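1. sequence-free structure coming up:
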């Protein structure tokens, strides 16, 4: 009976991460639609306002203020600034880069985090994982290539986001020792909203009702997706759940085709498979290393 319950929880975790990926890809597709009419700062502001409202409602439903614990305000501010910069660059690049290509490039972030771990987290990275990192970076060369349809500069800009994501994840690991997930989400979203508000004077297009509806839909759903992602790792083990994050590429390809008529090239898919394979190897290698029993003294 206990084994069946565990299997049920794992399935819940897998379902949660699949739903979160579908929602995240959909909100990215909405953001791409909005880039055709609205400036990046305005998209960042309105979307984050509705993300903040969505997270606030769900936090209140989960227990209110007692679910919010913030100890390190300095790291929270730094994390929020990184999230804001990442979101802004993502929106700028998304206007020029197909949705599936952007998603494939984001899969580089676990490799960047692994490469940075020895210097910022004091974690050991052996030669096998360094090899996987090198192979993964080679895979990005198949995704980032000059072509007549996609300029090189937004692809390079998108690739730079992975470094910021790695720094965000490093700070998140440190904050997780003292602060709650709800505290991190609320603080980061508040910072992003403030940064977006500061950007409004540099570009403004009065939104119509359709635009406001898209802002609300993107922001509200993104807040929901964050909670599905959190619960995926509450219900399921990381070793079971994490590989299903790469289904995000399937969702992005589907939305890209349905909404924009774009299909990733074989070269992009080949590069993405290399990046995904390298990331999965590093993940399973780390899990195996952590499960290995300590050597007797």
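-> Sure, I can see it. Just so it is clear, the structure is predicted and the values come from calculations on it, not from any experiment. Numbers count the residues shown, from 1 in each chain.

2. continuing past the helix-or-strand element of the chain with minimal mean pLDDT, what's the next helix or strand?
-> In the chain, the helix or strand scored least confidently by mean pLDDT, DSSP states H and E is helix 238-241, which has a mean of 68. Downstream of helix 238-241, the next assigned helix or strand under DSSP states H and E is helix 248-260.

3. buried sites along the helix or strand following that next one?
-> Using DSSP H and E, the helix or strand that follows helix 248-260 in sequence is helix 266-291. By neighbour count on 16 or more other Cβ atoms under 10 Å, the buried set for helix 266-291 is 268-269, 271-272, 274-276, 278-283, 285-286. C-beta: built from backbone N, CA, C; applies to glycine.

4. ok, now stretch 174-192?
-> 175, 179-192.

5. show me which pair in these is furthest apart.
-> 180 and 192 (18.4 Å; Cβ to Cβ).

6. which pLDDT value does the model give residue 77?
-> Here, the pLDDT recorded for residue 77 equals 93.

7. for it, which non-adjacent residue is spatially closest?
-> Closest residue to residue 77 apart from its sequence neighbours, by Cβ to Cβ, 6 or more residues apart in numbering: residue 191 at 6.5 Å.

8. is it true that the one you found touches residue 82?
-> No - judged on Cβ atoms under 8 Å, residue 191 makes no contact with residue 82 at a distance of 9.3 Å.

9. for the stretch 101-250 of the chain, which spans come out with low pLDDT?
-> Within the stretch 101-250 of the chain, the segments meeting pLDDT under 70 span 145-150, 238-239.

10. tell me where it has strands.
-> Ranges of strands in the stretch 101-250 of the chain, per DSSP state E, counting those that start in this stretch: none exist.

11. how are the helices of it distributed by residue range?
-> 109-120, 127-143, 152-175, 181-199, 209-235, 238-241, 248-260 (DSSP state H, counting those that start in this stretch).

12. would you turn these into JSON lines with distance to residue 74?
-> What follows is the helices of the stretch 101-250 of the chain, written out as JSON lines (distance: least, Cβ to Cβ, whole Å):
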{"stretch": "helix 109-120", "distance to residue 74": "16"}
{"stretch": "helix 127-143", "distance to residue 74": "30"}
{"stretch": "helix 152-175", "distance to residue 74": "10"}
{"stretch": "helix 181-199", "distance to residue 74": "11"}
{"stretch": "helix 209-235", "distance to residue 74": "23"}
{"stretch": "helix 238-241", "distance to residue 74": "28"}
{"stretch": "helix 248-260", "distance to residue 74": "32"}
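
13. how close does residue 87 sit to residue 54?
-> Separation of residue 87 from residue 54 (Cβ to Cβ, to the nearest Å): 15 Å.

14. off-centre distance for the lengthiest helix in the chain?
-> Assignment by DSSP state H gives helix 2-34 as the longest helix of the chain. Between the centre of helix 2-34 and the centre of its host chain there is 13 Å, according to Cα atoms, centre = their mean, to the nearest Å.

15. next: stretch 227-244.
-> Worked out by Cα atoms, centre = their mean, stretch 227-244 lies 14 Å from the chain centre.
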